[in-house]
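>>> next comes the sequence, and after it the predicted model I'd like to discuss.
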Amino acid sequence: MNAIRKKLVVVGDGSCGKTCLLTVFSKDYFPETYIPTVFETDVTDIEVNGNLVELALWDTAGQEDYDRLRPLSYPDTDVILLCFSIDSPVSLINVKEKWSPEVKHFCPHIPIILVGNKKDIRNDPTVLNELSQNKIDPVKPEDGKVMAEKINAFTYVECSAKTKEGVREVFEKATTAALQQKRKKKKNKCCIS
């Protein structure tokens, strides 16, 4: 069976869990130390609905310093994982204010999977206490679903890279969306005048 090739690009605020999500899925381990990503790629295989798919995973930098570099990741993308962190309501606001407009500008008509990362923190008393002291509530599942509708996402999925809960589902939904996408290939035309 020949593999179908699809390109997946992950975007979202810095430290919202993008790299951990990709690492757990492709390498099956959770990185304990945070090292900000500038730009990284990996390839892994996934089987969805009887289709073997070679998934090119493109990790991007969420920091503002890389706003001009990140668009270089977008050409030929088949699906976007737009991530936010469940322990950061600001990262969810940035989905609508920054990430969705950027993605729709550079990748019009490409399916977006909205991903709520760090689902495990909802059950972590230490993290919940820290958030409470800062008068912050974790993002509720309903808030993620509402945002997915607002940005016209293909679907909304929550996961925890730390516990691996929901990680495979994220990539299965992303691959399904990529396979369903009928990308319009622009014919290159050369005009000489």
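Yes, it's here.
>>> and stretch 31-39, what's buried?
Residues of stretch 31-39 classed as buried under the neighbour-count rule (16 or more other Cβ atoms under 10 Å) are residue 37. Glycine gets a C-beta too; all of them are placed from N, C-alpha and C.
>>> ends of that stretch, how far apart?
End-to-end distance for stretch 31-39: 17 Å, by Cα to Cα, to the nearest Å.
>>> in the protein, which residue is most central in space?
residue 81 (2.3 Å; Cα atoms, centre = their mean).
>>> CA atoms of the biggest helix by length in the chain as PDB?
Using DSSP state H, we find that the single longest helix of the chain is helix 167-180. Once non-C-alpha atoms are left out, helix 167-180 reads as follows in PDB (Å, rounded to 0.1, in the frame of the first residue of the first chain):
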ATOM      1  CA  VAL A 167      -3.300  12.700  21.400                       C
ATOM      2  CA  ARG A 168      -4.000  10.100  18.700                       C
ATOM      3  CA  GLU A 169      -7.500  11.500  18.300                       C
ATOM      4  CA  VAL A 170      -6.000  14.900  17.400                       C
ATOM      5  CA  PHE A 171      -4.000  13.400  14.500                       C
ATOM      6  CA  GLU A 172      -6.700  11.100  13.400                       C
ATOM      7  CA  LYS A 173      -9.100  14.000  13.000                       C
ATOM      8  CA  ALA A 174      -6.400  16.100  11.400                       C
ATOM      9  CA  THR A 175      -5.600  13.400   8.900                       C
ATOM     10  CA  THR A 176      -9.300  12.800   8.100                       C
ATOM     11  CA  ALA A 177      -9.700  16.500   7.500                       C
ATOM     12  CA  ALA A 178      -6.600  16.600   5.200                       C
ATOM     13  CA  LEU A 179      -7.900  13.600   3.200                       C
ATOM     14  CA  GLN A 180     -11.300  15.200   2.800                       C
END
